[in-house]
Structure formats: structure tokens, C-alpha cells
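>>> the amino acid sequence is not available; the structure is as follows:
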């Protein structure tokens, strides 16, 4: 019964936030300041929830897909780009270290991320 119910509406923003918070708190392992992590979680929640709402309306045949948060959407390059920009705009001193933690990347992978971001934004 619950299966059909999820097709008719999008999971609440609170549920999205809860799942995203759990994900990032688990990744950060207390290595990222709490207030900064809260801001990141809030930004990611806003972005993903907004996208889901838009896609849910825009693609009626895909409503089931956009009814509940898929955790792999948190790892989408656009989310990583947004976090990278946010940390740079805030001029966070350890932005590189924090990004590597949140993106599960080493130095080489993070450098590739920055190269890809630059390519994507200037293509």
C-alpha cells in the first residue's frame, strides 16, 4: 500500500534533510565544524529538493523516481560543484580538506574534480 502512496506525492523536505544530514554527518566524522556542516546540509537539501519538485512536475512518467530521495543524487557532480563554490565563497581555510572528506576523494581525485568543474563551467 505504501508503494502506491509514494507515487502520488514527494517525500517531505524534512525527510530529505534528515537523510542528507545523516549521510554528511557520517562522512564528516566530526572533522568538519558543526555550523559549517549544517550550512552545507541546508544548501544541499534546498538544491536537491527543488530539483526533485521541478522534475516531478516536468516528467510525470518519472514521478515514482522523484518521490523519494535517492542517495546517489547527493554525489552528483552538480552537488559537488555547489559545495565547492559555497566553501570558496565563504573563504573556508580548509575547504580542500573538507571537500575531500565530503566527496570521498583523495588529492588526485579532487584535482580531477576541480579540472572537470573548470571545464564544465567554461565549455
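Now that the structure is in, tell me what you want to look at. As the structure is a computational prediction, the values presented were derived from the model and not from experiment.
>>> show me what contacts the residue minimising distance to the centre of the chain?
By C-alpha atoms, centre = their mean, the chain has its centre lying nearest to residue 74, at 3.7 Å. When contacts are counted by C-beta atoms under 8 Å, 6 or more residues apart in numbering, residue 74 touches 20, 23, 44, 48. Any C-beta I mention is one placed from the backbone N, CA and C, and that applies to glycine too.
>>> so what's the residue count around residue 52?
Residues near residue 52, counting by other C-beta atoms under 10 Å, number 21.
>>> now swap in residue 102 and tell me
As a burial measure, residue 102 scores 24 neighbours (other C-beta under 10 Å).
>>> any idea how far residue 96 lies from residue 62?
Residue 96 sits 36 Å away from residue 62, going by C-beta to C-beta, to the nearest Å.
>>> mind checking which of these two has more residues around it?
residue 96 (17 against 11).
>>> residues contacting that one?
Contacts of residue 96 by C-beta under 8 Å, 6+ apart are residue 110.
>>> next one: phi and psi at it?
Here is the backbone geometry of residue 96 (degrees, to the nearest 10): phi -60, psi -50.
>>> could you check the pLDDT of it?
Residue 96 carries a pLDDT value of 96.
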